[in-house]
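[1] Pasting the sequence and the predicted coordinates here, then a few questions.
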Amino acid sequence: MENLLLKYMEESFHKNEYRPGSSYPPVVTLSREYGCPSKLIGQLLIDTINRKITRHNAPKWRFINKEILEDAARELKMPEVNFNAMLGAEERGIVLDIMTFSSTYGGSAHIRKTFQKTVRSFAMQGYVVIGGRGGVAITRELPNSLHIRLQAPIAWRIREVAARHGITETEAAKMAHTIDAKRTKLIENLHGSKFSYSLFDLIYNCQTLSREEIVASVIQVMSARNMI
């Protein structure tokens, strides 16, 4: 039996497909190297945007993160045990490798398509900051979008991870290298090409810039683009 929600999302994409001259809701993606505070920056960004909104009935911005995985898991009808394990792994900073479940949940192409549709469904609603999840690879071509990359020197990130999780710097270094590789692979799988920094519009160094400075800079660019 055809999945009605998946059908609805597919129809909504065609209905709202961008055409030259048409308006398109704004969307921001936030990608990071492991150890950079994307959740804190993403939340601060939408809080700042929402405080600045002065237009009557202007939509409130949302920060979308774990919701993407939750919706994709529901669409794929993953058993509860796998769903919970997936979310637990994400809390430890391990990115979902969508190919891992290919033999059980309809093949890698079906998983990739469902994951892409889920991310795009959030993007089509607009007024969202999408944290990670390969969002840049899926929404890069959308008009009225802005794509941000957070990075920092590996030594700084190792110290941050070790302090945050109460582990040794050796363990933190292993986690950083492993998770960075998984995130790069996810973007490559979804985009269909080798990872490139040219995917991003703005790149920030989290060691030398405060969260407030990063958010202030993003706000300035969004204002210049009439996204807010």
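    Noted; the coordinates are in hand. Numbers count the residues shown, from 1 in each chain.

[2] quick check, residue 124 in a strand?
    No - per DSSP: H, G, I helix; E, B strand; the rest coil, residue 124 lies outside any strand segment and is helix.

[3] Begin at 32 from now on, thanks
    Will do, 32 is the new start, and the previous item becomes residue 155.

[4] I figured it was touching residue 56, is that so?
    Yes - using CB atoms under 8 Å, residue 155 is in contact with residue 56, at 7.4 Å. Placement of C-beta: from N, CA and C, glycine included.

[5] Tell me which of these two has more neighbours.
    residue 155 (21 against 17; other CB atoms under 10 Å).

[6] Can you give me the end-to-end span of stretch 219-229?
    13 Å (CA to CA, to the nearest Å).

[7] helix, strand or coil for residue 61?
    Reduced to three states with three-state DSSP, the structure at residue 61 is strand.

[8] what about it, distance to residue 247?
    Using CB to CB, to the nearest Å, we find residue 61 at a distance of 15 Å from residue 247.

[9] was I right about residue 177 contacting residue 252?
    Yes - using CB under 8 Å, residue 177 makes contact with residue 252 at a distance of 6.6 Å.

[10] list residues touching both of these two?
    232-233 (CB atoms under 8 Å, 6 or more residues apart in numbering).

[11] Which one of those two is surrounded by more residues?
    residue 177 (19 against 14).

[12] How much space separates that one from residue 154?
    Counting by CB to CB - residue 177 and residue 154 are separated by 12 Å.

[13] Overlap in contacts, those two.
    Residues touching both residue 177 and residue 154 (CB under 8 Å, 6+ apart) are residue 58.

[14] Would you mind checking the average pLDDT for the lengthiest helix in the chain?
    Longest helix in the chain, counting residues (DSSP state H): helix 200-222. Averaged over helix 200-222, pLDDT sits at 90.

[15] on contacts alone, who are the packing partners of that helix?
    helix 139-156, helix 166-170, helix 185-196 (3 or more CB pairs under 8 Å, 6 or more residues apart in numbering; DSSP states H and E).

[16] Okay, now the sheet partners of the next helix or strand along the chain from the second one, with direction.
    Pointing back at helix 166-170 there. Downstream of helix 166-170, the first helix or strand assigned by DSSP states H and E is strand 176-182. Strand 176-182 has its sheet partners listed here by DSSP bridges as strand 58-63 (parallel), strand 233-236 (parallel).
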